[in-house]
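> kindly generate the corresponding structure for this input.
(3 chains)
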Amino acid sequence: MLQRLRENKSAQGTLLALPTTVWLFVLLIIPLILTLIVSFGRRSPDGNVIYTFTLDNYIRLFGYSTACPDAQASCYDPLYVNILGRSLSLAFNTTLFVITLAYPLAYFIARAHPKQRNIYLFMVLIPLWTNFVIRVYAWMMLLRKEGAINIIIGWVMNLLNIPFTPFEMLYTPGAVLVGMVYEFLPFMILPIYTSLEKIDVSLYEAAADLGANSIKTFLRVTLPLSMPGVVAGTILVFIPVMGTFIVSDILGGRQVILVGNLIQRQFLDARDPTFGSAASLILMVMTLIVTYFYTRKFGFGEEIVVG
Amino acid sequence: MNPFRRSPFVIAATVLVYFFLYAPIVGLILYSFNASRTNVTFEGFIPAYSENVVMDGSLVKSSPCGPFHWYCDLAKNNDVTEAAGNTLTIAFTATIISTIIGTMAALALQRYNFKMKPFSQLSLYIPIVIPEIVMGIGILTLFSQFFGWVNETFNLVGDGRLSLGIATVTMSHIAFMVPFVTLVVQARLQGFDKSYEEAAMDLGANEWTTFRRVTFPMILPGIMSGALLAFTLSLDDFVITFFTNGPGSTTLPIYVYGLLRRIITPQVNALSTVWILVVFFAVLALQILQNRDSKQHS
Amino acid sequence: MTSEFAVEMRDVVKRFITPEGGEIAAVDHVTMQIKNGEFFSMLGSSGCGKTTSLRMVAGFEWTTEGEVYIEGKAMGHTPPFQRKVNTVFQNYALFQHLTVFQNLAFGLEMEGAKEDEIKKRVGHALEMVQLTGMDRRKPKHLSGGQQQRVALARALVKTPDVLLLDEPLGALDLKLRKEMQLELKALQQQLGITFIYVTHDQEEALTMSDRIAVMSNGKVKQMGTPVEIYERPTNKFVADFIGESNFLEGKIKFISKSEARVFVPSLNTELVGMPISEGLVKGEEIVVCIRPEKVRITEKNAINQNMFRGKVANTVYIGADTHVFVDLQGTRLKVWEQNRISRLDPKSFYAVGQEVWLMLMPENTLVLKKD
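All right, here's what the predicted structure looks like:
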């Protein structure tokens, strides 16, 4: 028996991978399938799921009331479509800002003396591992009407003799954007750093030797070679931003509602898991489509594991 | 051209980004010493050994802790200690289980060929490419449907009923932690030269002895950094926990989130500061481990 | 010793699945018999199947077809830890987390040796490779040469019947490599155990081996002593791979029991008194092969037979020899002349364009089948 297992490499591999595979199947894949099934169901009056097959939830999500026989203009309510669009554009904007901020820092670290790199990286990791909720809370304190940002602007304005009344920055789309950028910045710095750090110094020397100045070297050598890092970072930023609800919940109040908030409310307040499941699947499909086209164009870097 | 030369633009941007990263954290820590109960504005530090401290109109008795008043307050808060206990219980249990099964899976995926290998490998990427909230509500649906069915079928009542709690949170944490452990250990194994194992077998060690005496000690640093990563992920998790916790299984992030929607006192800042310190040392340990690891393999 | 042969490979085939799903035979019907106490080398370029053959003897790979015998016993699927052979790895594979002593003791612990016996044997092995006093060091704190010795000692301390060495000197610099070659050979003679040595370096194989198997594309092209391999290659591949050769394509015009007459179209002439080998028949297309150092070059035509007039195309001075390239009606031959006299006078070299005569002595030429 033991001898047979010793020779059967395939059985050994299956056995070793079994616990993880079963665990992931039960707690990741089955839930996804279940979500799909529930999204075609109907809500019972007491907030439970009636398993049927109806596209009502999806129709509602795309703005058409089930009460309307045809897609009449008066019936069309783009509430949820707007939420989806807002989430998508916020995710795009966040990613853009994050790349802009992360790249120079990653570049700086990658070009730092090897002995100092760890210290700089350490300084990126501390905010990263400081709890997500705590980080939003920190911004809540800064953005308030009585918060530090208003106080500092007040001082500056006072020095310049310009009248200034503190204003509420909290509960605005801007506050949500700042919070998102802050939350996900480290997820972009690390993969870009990883791909920049891999670039052999001799490549820069070769580029200079062939007559490229530092701007051309950057555009023609550094940037293309660091693309895998940017791609990995984008996946690590874009996907969570699409689904996060805490940042908009705390910094956006009731003003900025994203898909995440929508789903959360369907499950906890509105008690309509079927509609929440449909929204959740649309969210998943949206992120998968974006990821698919994005990685098909730029490839799927191994940096993702490092980040 | 010196490749380590950095333009003033890059340096300026770097300083700015670090400022952006740290300013909120510094502010957070500062406010944990705030002599104001409402914590809206900074009313100065709490003086040491003061007779009576007036805080936003409400009289607070002389605090033996001085500036650390809110930290003392925190220590006396049973909800916090319970949440901290839950967080650590979940993190430790989930880390141990996910490290063991994740390492096994990494070995299988890196070393063996078997039928379900592509499926196993692909499922590891689910937590990376799918928003956490999708997993969260999926797992919630699974548990609530399954528990509902079990409770009904076996006529379970009262405390005997299956419900969300520490067990469901831990199980869900393992589900999203395992892929990270596996991917980290797999990356370590990729750089592992098989000839070390062949050498051990050549010298007379059987498969198990080879694993115990050679493979395991050599990949241990990799496993440890995978475990530490998993541990921090568990400590940090909000979304999955949010959907899978139940009465009595509140974790610290959930507790803090609950506070933010109600009255906020500097106690939250004190809690955050303690948290940041813990994270600081955890990340330091992780870095030292990884450095030792990379040195050993260079 | 139960068998005349330490290791025997009988008609061994090893196929691998390629990533594209195809199959390639890394080792293709190889039969080898390695005698007890022999220093046997497998020589070939990378991918020729030499390392795979060695790994099948060690037990790291199993044969697809055929069988490996160690001391007359069929190995089948016997795992490496049950084979009485030990390996010195190309990258040494020293356990980085263990000290030198622990590395050497590892194999003995697996045998269940007692602590004082382990100490004695490890001490002895370290002495043998001149590393006494290094036992507490970690491998990464040793030089490449020292690591190589530790790897050797770790295998030898097990007193194997057969020692397998997979390009063990490949990572060392040239000078150290030459020293180690002689040391290894001396060690093998002193211990009297069988060495199977895999290398791509022909000089190394010729220096150390009792017998060599030249391999290519998973097949053994020739097996023999270094002298046989160099002086009597049996096919064009070996003649080309070992050392350098001039090749002239031709056709057998006449063949007797002792010699042949060969027509070489490119020179439009016949070579007479050529040596023959087994299986050659009249009219067969063949290759005439002659080593560059065995071509005689003169300024005048001395004998008429097998003498060819040509023009010097180039001369290259390389220290011990001078390489002269001579064009014979469009066919270029390499001729190596030993520099027995001082070459300081430029006139001592043949001038480019100078007319010379080349002599192909029958006893120095070989007539080989076309591959």
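> how about the residues of the stretch 151-300 of chain A that lie near chain B?
Proximity of the stretch 151-300 of chain A to chain B, by Cβ under 8 Å from any Cβ of the partner chain, involves residues A:182, A:185-186, A:201, A:204-205, A:208, A:214, A:235-236, A:239-240, A:242-246, A:250, A:260, A:263-264, A:267, A:273, A:276-277, A:280-281, A:283-284, A:287-288, A:291. The C-beta positions use only the backbone N, C-alpha and C, and glycine is treated the same way.
> among these, name the ones in helices.
By the criterion of DSSP state H, membership of those in helices covers A:182, A:185-186, A:201, A:204-205, A:208, A:214, A:235-236, A:239-240, A:242-243, A:246, A:250, A:260, A:263-264, A:267, A:273, A:276-277, A:280-281, A:283-284, A:287-288, A:291.
> about what we covered before: if any of the residues of the stretch 151-300 of chain A next to chain B are buried, give me the ChimeraX selection for them.
The buried residues among these can be selected in ChimeraX (16 or more other Cβ atoms under 10 Å in any protein chain shown) with this line:
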select /A:182,185,186,204,208,235,236,239,240,242,243,244,245,246,250,260,263,264,267,273,276,277,280,281,283,284,287,291
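> among the residues of the stretch 151-300 of chain A next to chain B, which ones lie close to chain C?
Okay, of these, nothing touches chain C (Cβ under 8 Å from any Cβ).
> pretty sure A:Tyr58 is touching A:Ser39, no?
Yes: between A:Tyr58 and A:Ser39 there is a contact under Cβ atoms under 8 Å: 7.4 Å.
> tell me, what's touching these two both at once?
Listed as contacting both A:Tyr58 and A:Ser39 by Cβ atoms under 8 Å, 6 or more residues apart in numbering or on different chains are A:Ala278.
> with neighbour numbers in mind, choose between these two.
The neighbour comparison of A:Tyr58 against A:Ser39 (other Cβ atoms under 10 Å in any protein chain shown) goes to A:Ser39, with 24 against 16.
> now for that one: which residues touch it?
A:57-58, A:274, A:277-278, A:280-281.
> hmm, 10 Å instead?
A:Ser39 makes contacts with A:49, A:54-58, A:61, A:273-282, as judged by Cβ atoms under 10 Å, 6 or more residues apart in numbering or on different chains.
> state the pLDDT value of it.
Looking at A:Ser39, its pLDDT reads 94.
> give me the nearest residue to B:Val279, chain neighbours excluded.
Nearest residue to B:Val279, sequence neighbours excluded (Cβ to Cβ, 6 or more residues apart in numbering or on different chains): A:Trp129, at 4.5 Å.
> and the pLDDT at that neighbour?
82.
> ok, A:Leu34 next?
pLDDT, read off for A:Leu34, is 95.
> surely it is in a strand?
No: assessed with DSSP: H, G, I helix; E, B strand; the rest coil, A:Leu34 is helix; it does not lie in a strand.
> what number of residues lie near it?
With other Cβ under 10 Å as criterion, A:Leu34 counts 20.
> from A:Gly260, how far off is it?
19 Å (Cβ to Cβ, to the nearest Å).
> who's in contact with the residue of chain C at minimum distance from chain A?
When distances are taken as Cβ to the nearest Cβ, chain C reaches nearest to chain A at C:His77, 6.1 Å away. Taking Cβ under 10 Å, 6+ apart, we find C:His77 in contact with A:3, A:6-7, C:59, C:62-63.
> restricted to strands, list these.
Among the contacts of C:His77, DSSP state E puts none in strands.
> near chain B, list only the ones from these.
Restricting the contacts of C:His77 to those near chain B by Cβ under 10 Å from any Cβ of the partner chain leaves A:6, C:59.
> remind me, longest helix of chain C?
Chain C, longest helix under DSSP H: helix C:174-191.
> just chain B next, same as before
Longest helix in chain B, counting by DSSP H: helix B:78-111.
> briefly note if that helix comes near chain C.
No: using Cβ under 10 Å from any Cβ, helix B:78-111 stays clear of chain C, coming no nearer than 13.6 Å.
> and that helix, how far from the chain's centre?
9 Å (Cα atoms, centre = their mean, to the nearest Å).
> average pLDDT across that helix?
94.
> anything in it near chain A?
Yes: residues of helix B:78-111 contacting chain A under Cβ under 10 Å from any Cβ: B:97-98, B:100-111.
> export these as CSV, with columns for neighbour count.
As requested, the residues of helix B:78-111 next to chain A are arranged in CSV below (neighbours: other Cβ atoms under 10 Å in any protein chain shown):
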residue, neighbour count
B:Ile97, 20
B:Ser98, 31
B:Ile100, 16
B:Ile101, 23
B:Gly102, 30
B:Thr103, 27
B:Met104, 19
B:Ala105, 31
B:Ala106, 29
B:Leu107, 21
B:Ala108, 26
B:Leu109, 25
B:Gln110, 16
B:Arg111, 16
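> any low-confidence regions in the chain?
Using chain A here. Across chain A, the ranges flagged by pLDDT under 70 are A:1-3, A:65-74, A:298-307.
> try chain C instead
Filtered on pLDDT under 70, chain C yields the residue ranges C:1-2, C:303.
> domain ranges for it, per the record?
For chain C, the structural domains run C:5-237, C:244-369, going by automatic domain parsing.
> most tightly packed of these?
domain C:5-237 (a mean of 19; mean count of other Cβ atoms under 10 Å in any protein chain shown).
> show the end-to-end separation of that domain, please.
28 Å (Cα to Cα, to the nearest Å).
> for the stretch 101-250 of chain C, what spans make up the helices?
In the stretch 101-250 of chain C, the helices defined using DSSP state H, counting those that start in this stretch lie at C:115-128, C:144-156, C:174-191, C:202-208, C:226-231, C:236-241.
> may I see those arranged in TSV, with distance to chain A as well?
Output for these, formatted as TSV (distance: least, Cβ to the nearest Cβ, whole Å):
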stretch	distance to chain A
helix C:115-128	28
helix C:144-156	24
helix C:174-191	26
helix C:202-208	32
helix C:226-231	39
helix C:236-241	35
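> may I see the buried residues of the helix of greatest length in chain A?
Ranked by residue count under DSSP H, the longest helix found in chain A is helix A:79-111. Neighbour counts using 16+ other Cβ under 10 Å place A:80, A:83-84, A:86-88, A:90-91, A:94-95, A:97-99, A:101-111 of helix A:79-111 among the buried residues.
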